[in-house]
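Q: only the shape, not the letters, is given here:
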């Protein structure tokens, strides 16, 4: 029987791979780029999904999109969270392929298998 993995949360990864090496906290990042700390926390909690982050932060999605354009730090935060989200989805897809799920096998062959003549 497989043991469940104790994977770090996206917030932990953001902290250890982005904020800590730069000597920043979510609060200090928010101060540095002049946004409420709740906005940074919302992006982390929403895994980079902008509309969900905006809802959590109590602002319009265009506010977050504007900040992404003007702040490399916020753009990096969003990219990191989206990357983690896609990794989660790829893990679920791989598990479905290993279980023999026809929909998952078809999807992989039509996309990743194109170079081998599938699709």
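A: That came through, no problem. Quick caveat: nothing in here was measured; it's all calculated off a predicted structure.

Q: poorly predicted segments of this protein, please.
A: For the chain, the stretches flagged by pLDDT under 70 are 1-18.

Q: quick one: the helices in it?
A: 10-14, 26-32, 37-45, 50-57, 61-70, 72-98, 102-111 (DSSP state H).

Q: quick one: the third one to chain centroid distance?
A: For helix 37-45, the separation from the chain centroid amounts to 12 Å (computed by C-alpha atoms, centre = their mean, to the nearest Å).

Q: in that helix, which residues are buried?
A: 38-45 (16 or more other C-beta atoms under 10 Å). C-beta: built from backbone N, CA, C; applies to glycine.

Q: and which of the residues you listed is nearest residue 60?
A: residue 39 (11.4 Å; C-beta to C-beta).

Q: what about the nearest residue to that closest one once chain neighbours are set aside, distance to residue 106?
A: Counting by C-beta to C-beta, 6 or more residues apart in numbering, residue 39 lies nearest to residue 57, which is 4.5 Å off, once chain neighbours are set aside. From residue 57 across to residue 106, the span is 38 Å (C-beta to C-beta, to the nearest Å).

Q: more crowded one of the two?
A: residue 57 (22 against 14; other C-beta atoms under 10 Å).
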